[in-house]
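Participant: Here's my sequence, what's the structure:
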Amino acid sequence: MPTKFKSFEEFGQAAKQERVENLKQQIDNIFEKSIKDDFDSIPEGPFKSSLPGISWIAFARPTDRKTGERSTGTLNAVIFSKNESGKDVNHTWAVNKDGAIKPIQKIPPELTKKYGQEEIALEIASLLERIGPSFFHLTDLDIIPAQDPGAPRKEDGTDGPDVIDGGRENPIDPEREKFIRSLPNAKFATVNREKGLRGYMVVFLDGTDVVYVENQAYDNAAFVGDILPEKVNMKDIEEEISAQKEQAGQDKKVSKDELRKAVEERYWAPISEKVKTRSDLVSLGAKRYVHTPGKWQENVRQAIESRTQQ
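Facilitator: Just a heads-up that it's a prediction; the model follows:
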């Protein structure tokens with residue numbers, strides 16, 4: 001039997017509450033499906049928002065002032081927008097491991113006029129879903145930590161800046177995000193824990209000695225090279241770890257984090273000792289690819305295929 005309302009105001013309030021509950025359910029579904037189990041693997045970085053009025057959203061782990069340790073139970077989402085005068089402003093939200101997403105600073109009035117709190121929370125959850133934390137392994141290894149001496153900072157055949165005009169961070173290119181996950185045999189990417197997606201990542205391609213080294217921010221080049229000491233074999237490594245655990249009287253089941261850490265240590269750690277700059281990576285045999293519009297994906301894919309088929 002349909003609900004009867006005493007007034008249009010009551011009807012409007014009921015409709016608004018129904019929309020809020022629907023948004024909350026969407027957030028819960030996204031968190032349960034794509035974020036909850038891999039919350040600890042969410043990499044830091046700035047991302048373009050799809051909501052008009054929000055320039056971009058940067059994710060970062062809050063640091064304990066006393067211990068200096070980064071939080072594992074909370075992620076900050078800093079939302080950048082503009083006020084009525086066109087000035088850049090920002091405010092912060094907290095994303096908790098239990099799925100709660102709430103503002104911890106006052107939302108600018110320009111945004112409250114456009115969006116309810118749940119709409120912004122859904123945008124944060126949707127961005128985390130797009131990032132896909134299940135694909136990442138956070139490491140203490142620093143991937144390409146140093147800048148090549150005298151290297152120009154523009155996309156003219158050289159690598160770009162870490163920030164763009166006005167001191168604002170260079171956002172992650174969503175096309176690069178999609179491309180990496182489309183690569184055959186791409187099992188996961190190792191990312192420095194502190195730099196997150198502001199730095200370079202190493203994408204491991206199972207069954208090959210090829211790696212794809214990429215910085216997903218605009219104006220940074222990618223590198224492809226068959227430079228690993230041997231072909232990656234994740235199945236063999238998993239079986240080795242399982243046997244070792246069983247022999248030690250432990251549960252022989254191998255966690256995703258254990259497997260990825262072992263892969264990283266066996267295949268990338270020896271390379272990491274030699275590679276401190278992009279030039280070092282090239283000297284080992286990797287080739288550099290600029291993200292030329294309309295061409296770079298095909299070029300990189302062909303470069304990977306030509307090396308994996310050898």
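
Participant: Give me the spatial nearest neighbour of residue 234, chain neighbours excluded.
Facilitator: Among residues not flanking residue 234 along the chain, residue 206 sits closest, at 5.1 Å (CB to CB, 6 or more residues apart in numbering). Every residue, glycine included, has its C-beta placed from N, CA and C.

Participant: my guess is that neighbour contacts residue 184, does it?
Facilitator: No: judged on CB atoms under 8 Å, residue 206 makes no contact with residue 184 at a distance of 9.3 Å.

Participant: more neighbours, those two?
Facilitator: Set residue 206 next to residue 184 and count neighbours by other CB atoms under 10 Å: residue 206 wins out with 15 against 12.

Participant: The more buried one: what's it in contact with?
Facilitator: 185, 187, 232, 233, 234 (CB atoms under 8 Å, 6 or more residues apart in numbering).

Participant: Dihedrals phi and psi, the fourth one?
Facilitator: Think residue 233. Torsion angles at residue 233 (phi, psi; degrees, to the nearest 10) stand at phi -130, psi 90.

Participant: what's around it, how many residues?
Facilitator: As a burial measure, residue 233 scores 16 neighbours (other CB under 10 Å).

Participant: how much space between residue 105 and residue 79?
Facilitator: Separation of residue 105 from residue 79 (CB to CB, to the nearest Å) stands at 9 Å.

Participant: And residue 100, by the same measure?
Facilitator: The gap separating residue 100 from residue 79 is 16 Å, by CB to CB.

Participant: between these two, who's got more neighbours?
Facilitator: residue 79 (25 against 12).

Participant: Tell me how far the more buried one lies from residue 61.
Facilitator: As judged by CB to CB, residue 79 and residue 61 stand 16 Å apart.

Participant: So, low pLDDT: which residues of the chain?
Facilitator: 1-15, 150-169, 310 (pLDDT under 70).

Participant: Domain parsing of it, as residue ranges.
Facilitator: The chain breaks down by automatic domain parsing into domains covering 13-131, 137-308.

Participant: before we move on, back to that, please tell me which one of the contacts of residue 206 counts the most neighbours.
Facilitator: Ranking the contacts of residue 206 using other CB under 10 Å puts residue 232 first, with 22 neighbours.

Participant: which SS class is it?
Facilitator: Put simply, residue 232 is coil when judged by DSSP: H, G, I helix; E, B strand; the rest coil.

Participant: I am finished for the moment; much appreciated.
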